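Engineer: sequence and computational prediction follow.
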Amino acid sequence: MKYRRNHGSQMPPEGWHYARIASVRKGKQANTQLGPSETALVTFVIEGDVPALVTQSFLTAPWANYRLERLIDAIELDASGGVADDDEIDLNDLVYKRCGIKVEYREWKGKVYANVVDVCAVDELQEVDEDEEGDGFVPPTQEMDLDELSFE
């Protein structure tokens with residue numbers, strides 16, 4: 001039996017990607033400025049020619065991190081195509097669901113890691129023409145009326 005070793009980078013490229021959630025498990029408790037928070041470790045499989053894995057720790061306290069809330073909102077949890085409005089959600093229901101993720105490299109303790117810095121629904125990612133420069137996707141956009149914002 002022969003095995004070909006892969007000496008290339010094991011990290012996914014930076015930018016927006018289509019991804020599927022491979023697993024969700026309980027992480028270590030994290031200390032934040034607002035107090036302790038439980039964490040959930042979410043492993044994503046990045047789809048593409050060369051699939052890659054990236055695991056991100058999400059704080060589960062709603063006041064501490066909006067990314068887990070955004071991830072839940074981005075994934076269609078009910079059959080009608082909308083998001084389940086339950087107050088309590090089993091995070092294992094997220095497994096095998098698709099979403100868009102933005103990967104950026106961050107250095108920590110002298111090592112570089114791939115981090116999921118943003119999430120969106122699959123239909124918010126739009127492919128760009130192959131002739132254009134960039135990572136192949138346009139990030140999601142949201143229109144805002146600045147007159148409606150309160151600056152008090």
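Structural biologist: Now that the structure is in, tell me what you want to look at.

Engineer: list the buried ones in stretch 34-50?
Structural biologist: 37, 39-40, 42-46 (16 or more other CB atoms under 10 Å). All C-beta spots, glycine's among them, are computed from the backbone N, C-alpha and C.

Engineer: same thing with stretch 91-107?
Structural biologist: Neighbour counts over stretch 91-107 (16+ other CB under 10 Å) mark 91, 93-94, 97-103 as buried.

Engineer: check these and tell me the two furthest apart.
Structural biologist: 93 and 103 (23.6 Å; CB to CB).

Engineer: before we move on, back to that, and the buried residues of stretch 91-107, which is closest to residue 125?
Structural biologist: residue 100 (4.2 Å).

Engineer: Three-state assignment for the closest one, please.
Structural biologist: strand (DSSP: H, G, I helix; E, B strand; the rest coil).

Engineer: same thing with residue 58?
Structural biologist: Quick answer, by three-state DSSP: residue 58 is strand.

Engineer: please apply the same query to residue 67.
Structural biologist: helix.

Engineer: surely it and residue 61 touch.
Structural biologist: No: with contact defined as CB atoms under 8 Å, residue 67 does not reach residue 61; the gap is 11.9 Å.

Engineer: so where do the strands sit in this structure?
Structural biologist: Using DSSP state E, the strands of the chain run over 15-26, 30-32, 35-37, 39-46, 52-59, 98-108, 111-120, 126-127, 137-138.

Engineer: would JSON lines of those with distance to residue 71 and mean pLDDT be doable?
Structural biologist: Shown next, in JSON lines, are the strands of the chain (distance: least, CB to CB, whole Å; pLDDT from 0 to 100):
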{"stretch": "strand 15-26", "distance to residue 71": "8", "mean pLDDT": "93"}
{"stretch": "strand 30-32", "distance to residue 71": "17", "mean pLDDT": "83"}
{"stretch": "strand 35-37", "distance to residue 71": "16", "mean pLDDT": "83"}
{"stretch": "strand 39-46", "distance to residue 71": "7", "mean pLDDT": "94"}
{"stretch": "strand 52-59", "distance to residue 71": "7", "mean pLDDT": "91"}
{"stretch": "strand 98-108", "distance to residue 71": "7", "mean pLDDT": "91"}
{"stretch": "strand 111-120", "distance to residue 71": "5", "mean pLDDT": "90"}
{"stretch": "strand 126-127", "distance to residue 71": "19", "mean pLDDT": "64"}
{"stretch": "strand 137-138", "distance to residue 71": "17", "mean pLDDT": "58"}
